[in-house]
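Student: Requesting a structural model of the entry that follows:
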Amino acid sequence: MFRNLPPVTKNLLLLNVTLYIVMLVLANQKIYLDNILSTHYFNSVFFEPYQMITHMFMHSKEDFFHILFNMLILVMFGGHLERVWGAKKFFIFYFACGIGALVLYNSIGVWQIMELKPILEATGNSIGDIDYLIREDKLFLTRAASDFNVLVESNIHFGNLNSGILSEMSALKKYVGLNYSSMLGASGALFGVLAGFGVLFPNTQLMLLFPPIPIKAKYLIGGYLAFEVYNSLTQPHDQVAHLAHVGGAIVGIIFILVWRKRDRKNFW
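Tutor: The predicted model follows:
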């Protein structure tokens with residue numbers, strides 16, 4: 001089966017699995033590759049441009065099923081799309097979905113960071129100084145909110161100690177947390193692949209494992225995407241980037257519709 005995989009799918013599979021193994025090996029040496037290659041919000045102090053690509057090849061070391069499930073989708077659905085489209089078109093589609101997922105996921109976090117900056121500046125603190133302390137890992141403990149000593153030692157002060165300190169400490173805690181927040185995984189790109197397959201081959205019969213019954217792609221994939229939209233609205237803090245999944249699917253559907261309109265001879 002591996003020899004029969006088309007080239008882009010095969011290389012994506014190899015790269016994801018290889019980096020996962022390297023990450024596990026380095027973690028034993030206290031070198032955390034996932035922290036380096038995962039992506040942060042665009043206006044986080046830890047964001048680097050290369051993360052827009054590298055995050056798509058990293059997976060949670062605590063959850064083996066994260067990479068297993070993603071690679072199964074890549075092989076089953078991505079391989080089929082590449083055979084239909086060819087390597088170049090699939091390559092463009094895959095990375096466009098991944099980056100599109102990142103942009104949608106980032107949009108809310110970027111806005112939240114922007115909203116917090118004037119609140120913190122109103123306390124008499126310099127955002128540049130706060131960002132420096134975050135970058136140097138000297139404000140990490142403020143995520144616990146109760147540790148006021150670290151704030152004093154870091155020369156962080158508040159404008160209204162009587163009535164505003166709790167809300168201002170909460171703002172600082174949230175600002176620090178958003179800067180540390182990161183995303184990793186190929187799921188955004190692969191939700192685009194799923195959505196693309198569902199639009200192109202809606203009546204293809206897919207076999208469920210549990211229970212082992214056939215179901216059309218439009219129902220299975222459509223239901224899964226609807227479930228992710230629901231989760232993005234109701235479970236925003238469950239450590240899963242549901243919004244990235246939705247973003248990847250949206251980009252995938254847009255690409256399919258545009259390509260279909262341009263080339264009516266071939267529905268793909």
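
Student: So for Asp147, what's the pLDDT?
Tutor: Asp147 is assigned 51 on the pLDDT scale.

Student: what separates the helix or strand encompassing Ile134 from the chain centre, distance-wise?
Tutor: Take DSSP states H and E as the rule and Ile134 turns out to sit in helix 127-135. Centroid displacement of helix 127-135 relative to its chain, using C-alpha atoms, centre = their mean, to the nearest Å, is 25 Å.

Student: If you count contacts, what does it end up packed against?
Tutor: Contact here means 3 or more C-beta pairs under 8 Å, 6 or more residues apart in numbering; DSSP states H and E; on that basis helix 127-135 packs against helix 87-121, helix 165-180. C-beta: built from backbone N, CA, C; applies to glycine.

Student: hmm, who's touching the very next helix or strand once past the last one?
Tutor: Translated: helix 165-180. Per DSSP H and E, helix 165-180 leads on to strand 182-183 as the next helix or strand towards the C-terminus. For strand 182-183, the surrounding residues in contact (C-beta atoms under 8 Å, 6 or more residues apart in numbering) are 35, 38-40, 46, 55, 102, 105, 241, 244.

Student: before we move on, back to that, and the helices and strands packed on helix 127-135: which comes nearest Met76?
Tutor: Met76 lies closest, by C-beta to C-beta, to one member of these: helix 87-121, at 13.9 Å.

Student: What are the buried residues along that closest one?
Tutor: Neighbour counts over helix 87-121 (16 or more other C-beta atoms under 10 Å) mark 89-91, 93-106, 109-110, 112-113, 116, 119-120 as buried.

Student: Centre of the chain to it, how far?
Tutor: On C-alpha atoms, centre = their mean, the centre of helix 87-121 falls 8 Å from that of its chain.

Student: rewinding a little: how about the contacts of strand 182-183 in JSON lines, adding distance to Gly222, pLDDT and secondary structure?
Tutor: Output for those, formatted as JSON lines (distance: C-beta to C-beta, whole Å; pLDDT from 0 to 100; DSSP: H, G, I helix; E, B strand; the rest coil):
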{"residue": "Asn35", "distance to Gly222": "35", "pLDDT": "85", "secondary structure": "helix"}
{"residue": "Ser38", "distance to Gly222": "30", "pLDDT": "94", "secondary structure": "coil"}
{"residue": "Thr39", "distance to Gly222": "28", "pLDDT": "94", "secondary structure": "strand"}
{"residue": "His40", "distance to Gly222": "32", "pLDDT": "94", "secondary structure": "strand"}
{"residue": "Phe46", "distance to Gly222": "36", "pLDDT": "94", "secondary structure": "coil"}
{"residue": "His55", "distance to Gly222": "27", "pLDDT": "94", "secondary structure": "helix"}
{"residue": "Leu102", "distance to Gly222": "23", "pLDDT": "94", "secondary structure": "helix"}
{"residue": "Tyr105", "distance to Gly222": "21", "pLDDT": "87", "secondary structure": "helix"}
{"residue": "Ala241", "distance to Gly222": "20", "pLDDT": "80", "secondary structure": "coil"}
{"residue": "Ala244", "distance to Gly222": "19", "pLDDT": "88", "secondary structure": "helix"}
